[in-house]
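Undergrad: The following comprises the amino acid sequence and a computationally predicted model.
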Amino acid sequence: MQAGSKKISDSESHISRVMMPTDANIAGNVFGGTILKMIDEVSGLVALRHCNSNVVTASIEHMDFLYPVHIGDLLTLDAKLTYVGNSSMEVTVNVTAENLITGESHSAGDSLVTMVALDRDGHPRPVPKLVLVNDQERKAFAEGDERRKKRQERALKRKAQ
């Protein structure tokens, strides 16, 4: 392992919280914004653990809501790095909703978030390289690199407008 590099398992994080009435609309459905806030929090935690510096959200590549979440459900978010660039880190978040009365669990959503490490002056700073230990991690990293290239292309098009 290279000095200053880290494995995916070094920074993966998990958070859980029971959904309360303030998290939902009058029909008892949890607001998407509540789930997005939790996704942003756990993504930031993963990135912070990887680079040990201030991080900010650069983009949410996608957010797929797959199953409704209700008041009383235990929402669990499992997050890990899939790609690391120079200063950016891509975090995959899987969301699970568990009905604590019936014990039923469902995949409630998934998201892909890009975080950027900042130095004390608020400028992007280098982050540790990622050590990939299996074919699944190498495949996810290659896919993340392709997404990074597409994000850069979109940014160049916006600048040109």
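TA: Structure received.
Undergrad: Give me the buried stretch members for stretch 128-140, please.
TA: In terms of neighbour count (16 or more other CB atoms under 10 Å), stretch 128-140 has its buried residues at Pro128, Leu130, Leu132, Glu137, Ala140. Heads up, the C-betas are built off the backbone N, CA and C, glycines and all.
Undergrad: and the first one, which of the three is it?
TA: The one in question is Pro128. Assigned with DSSP: H, G, I helix; E, B strand; the rest coil, Pro128 falls in the coil class.
Undergrad: which stretches of the protein aren't confidently modelled?
TA: Scanning the chain for pLDDT under 70 picks out 1-3.
Undergrad: Next, the contact list for the nearest residue to Ile101 once chain neighbours are set aside, please.
TA: In this structure, Ile101 finds its nearest non-sequential neighbour in Gly72, 7.3 Å apart by CB to CB, 6 or more residues apart in numbering. For Gly72, the contact set (CB atoms under 8 Å, 6 or more residues apart in numbering) comprises Val18, Met19, Asn99, Leu100, Ile101.
Undergrad: Let's see the ChimeraX selection covering just the buried ones among those residues.
TA: To isolate the buried members of the contacts of Gly72 in ChimeraX, using 16+ other CB under 10 Å:
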select :19
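Undergrad: Tabulate the contacts of Gly72 (a markdown table), appending secondary structure and distance to Val91.
TA: Output for the contacts of Gly72, formatted as a markdown table (DSSP: H, G, I helix; E, B strand; the rest coil; distance: CB to CB, whole Å):
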| residue | secondary structure | distance to Val91 |
| --- | --- | --- |
| Val18 | strand | 23 |
| Met19 | coil | 22 |
| Asn99 | strand | 27 |
| Leu100 | coil | 27 |
| Ile101 | coil | 31 |
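Undergrad: Would you mind checking which of the contacts of Gly72 is nearest to Arg151?
TA: Met19 (31.7 Å; CB to CB).
Undergrad: my read: that closest one touches Thr76, true?
TA: No. Using CB atoms under 8 Å, Met19 is not in contact with Thr76; the gap is 11.2 Å.
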